[in-house]
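Chemist: build me a model from this:
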Amino acid sequence: MIYNVKIFDRQKVTQKMQSENERKLLQYKKMTETPVPKLVLKLAVPTTISMVISSIYNMADTYFVACLDDTSATAAVSVVFALMAIIQAVGFTIGMGAGSWISRLLGEQKNEKASSVGTSAVVFGISFGLLIMIFGRIFVGPLMLLLGATDTILPHAVSYGQYILFAAPVMVLSFTLNNILRAEGKATFSMIGIGLGGLLNMALDPIFIFDFGLGLGVSGAAIATAISQCVSCTLLLCPFIFGKTSVKFSIKSISGNIRDYLDVVRFGLPSFCRQGLSSFSSVLLSRSAKTFAGIYADPAIAGMGVVSRVFMFVFSLCLGLGQGYQPVLGFNYGAKKYERVKKAFNFTFIASTVMFTVAAVAGFVFAPSLMRFFSENDEKMVEVAISAFRAQCVSMPFIPVGVMCNMTFQSLGRSTVATFLSSLRQGLFYIPIMLILPHYIGLLGVEYTQAISDILTCAVSVPFAVLFLREINRNIATQATGREKE
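Modeler: Take a look at the predicted model:
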């Protein structure tokens, strides 16, 4: 009887392994055989939806806080946005570093190593999130001043920031899980987790902020964000817990090799530069607005913050398409399907350029109505926002080149080139322009800096795109020659 039970157990294990192998094979075939435009869009649509929802709930925070009719409170949301960018930088560094590696490993059918990388990245992310929470809470006041808060903004920024810091470990974990899911082509799970969390945030904002609910003001917006991030993280964990992913989490899979963690950081360094510089540029923006706007510092900071949130909504469309492209690129490059790599690059570049051009024209025309949606009572804030947003619209069609090149080289594990490219838009160009231009044209220099930086980033990125396509064409020619010899 015992013998029969053992045979039955072995049969169950064998059947489970066969089912697991079949699922992995189907996923591999899907990523390497589905028509490229269809596959990119299939992965991009849920990713784009989740990013758009995230951008909308970021704007919802700004909108509902603006309804308090306190410009300083609205500006506080913009100041704390830099803190959230720091947390996001850590999450994306670990998540994108692990994700780009995982997609190549799965393309090479090295699933066990992919699971080890994923598990180690999760532990790594939680640890960093805890460090941000602890040190951020200890120095929350000085931190808000460093991020650009004025004396009138500071109390609101501290109220908002302290709850965001409590949620830091969960936020870093969410970004890590999100990128791992996308890396193996499970973008729908990612959309559900991020999307439902964002919708919950929008539902909770008015309840926590206004008097007809809990009436917590700006603190309520932060608490709503923290709760939604916890829910989102739980939903993102579910596919891993219920065995719906190729990457398997287990204590045994945690790597004891320090080089694995260094490689995750190395592959994710472009994301750190991109997100970290985004945070730094946000701080520099607030401080420059405070310096060159004089008595209108709070409206200027609030107006530039509104522009950043609205632009992130538009940017999420391009970024979502690019994040659908990345796993297709990494998977097929790892599988040596170079013709598909070229098709993925060309399709994504053309589609994102068309989307950004349409958005730029619409944004330029409707800028006044769009900016007044966030505040009708502070004319100076609206004036700053309209001018800055129209400048940003002029540069929008140039943005996809830089984004595509950055994502391409990061997906291929070429961290040096990707890090350089990711440092341009809000670093190597943005910082010197922001430090110099406002001294000559005042607040207009603050408003125009990002647009000028975007155009220069495009100009530098073009040669890298050309070199990449030449390399892929050589690989395609080499494979064709090899087949002819066979």
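Chemist: poorly predicted segments of the stretch 151-300 of the chain, please.
Modeler: Within the stretch 151-300 of the chain, the segments meeting pLDDT under 70 span 211-215, 279, 293-296.
Chemist: now do 90
Modeler: Along the stretch 151-300 of the chain, the parts satisfying pLDDT under 90 run over 151-163, 175, 178-226, 228-229, 239-300.
Chemist: what segments of it are strands?
Modeler: Taking DSSP state E, counting those that start in this stretch, the stretch 151-300 of the chain contains no strands at all.
Chemist: and the longest helix for this structure?
Modeler: The single longest helix within the chain, with elements called by DSSP state H, is helix 443-485.
Chemist: can you name every helix or strand that that helix contacts?
Modeler: helix 258-292, helix 297-334, helix 338-372, helix 379-395, helix 399-411, helix 415-422, helix 430-436, helix 438-441 (3 or more Cβ pairs under 8 Å, 6 or more residues apart in numbering; DSSP states H and E). All C-beta spots, glycine's among them, are computed from the backbone N, C-alpha and C.
Chemist: out of the ones you listed, nearest to residue 243?
Modeler: Shortest distance between residue 243 and the helices and strands packed on helix 443-485, using Cβ to Cβ, is found for helix 297-334: 19.9 Å.
Chemist: can you mark which positions in the closest one are buried?
Modeler: Neighbour counts using 16 or more other Cβ atoms under 10 Å place 297-334 of helix 297-334 among the buried residues.
Chemist: contacting residues for residue 261?
Modeler: By Cβ atoms under 8 Å, 6 or more residues apart in numbering, the contact set of residue 261 is 120, 124, 255.
Chemist: to residue 73, which of the helices and strands packed on helix 443-485 lies closest?
Modeler: Taking Cβ to Cβ, helix 297-334 is the member of these nearest to residue 73, at 8.8 Å.
Chemist: isn't residue 434 up against residue 449?
Modeler: Yes - between residue 434 and residue 449 there is a contact at 4.6 Å, judged by Cβ atoms under 8 Å.
Chemist: list the residues that contact both of the two?
Modeler: Any residue near both residue 434 and residue 449 by Cβ under 8 Å, 6+ apart counts here, and that gives residue 285.
Chemist: okay, those two: which has more neighbours?
Modeler: residue 449 (27 against 22; other Cβ atoms under 10 Å).
Chemist: how about the contacts made by that one?
Modeler: Contact partners of residue 449, counting by Cβ under 8 Å, 6+ apart, are 285, 430, 433, 434, 437, 438.
Chemist: now the helices: where do they sit in the stretch 151-300 of the chain?
Modeler: Taking DSSP state H, counting those that start in this stretch as the criterion, the stretch 151-300 of the chain contains helices spanning 154-166, 168-183, 187-209, 218-241, 258-292, 297-334.
Chemist: picking up where we left off before, dump the contacts of residue 261 to a markdown table, plus neighbour count and distance to residue 143.
Modeler: Output for these, formatted as a markdown table (neighbours: other Cβ atoms under 10 Å; distance: Cβ to Cβ, whole Å):
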| residue | neighbour count | distance to residue 143 |
| --- | --- | --- |
| 120 | 22 | 29 |
| 124 | 24 | 23 |
| 255 | 18 | 32 |
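Chemist: element containing residue 374, please.
Modeler: Under the assignment given by DSSP states H and E, residue 374 is not contained in any helix or strand.
Chemist: ok, how many other residues are close to it?
Modeler: 24.
Chemist: so it makes contact with residue 61?
Modeler: No - using Cβ under 8 Å, residue 374 is not in contact with residue 61; the gap is 11.1 Å.
Chemist: what strand or helix carries residue 131?
Modeler: Following DSSP H and E, one finds residue 131 within helix 111-138.
Chemist: ok, now residue 91?
Modeler: helix 71-107.
Chemist: now the angle between helix 218-241 and that helix, please.
Modeler: 10 degrees (axes from the mean of the first three to the mean of the last three Cα atoms, to 10 degrees).
Chemist: quick one: helix 71-107 to helix 379-395, angle?
Modeler: Here helix 71-107 runs at 30 degrees with respect to helix 379-395, directions being taken by the same axes, to 10 degrees.
Chemist: right, I'll call it a day here.
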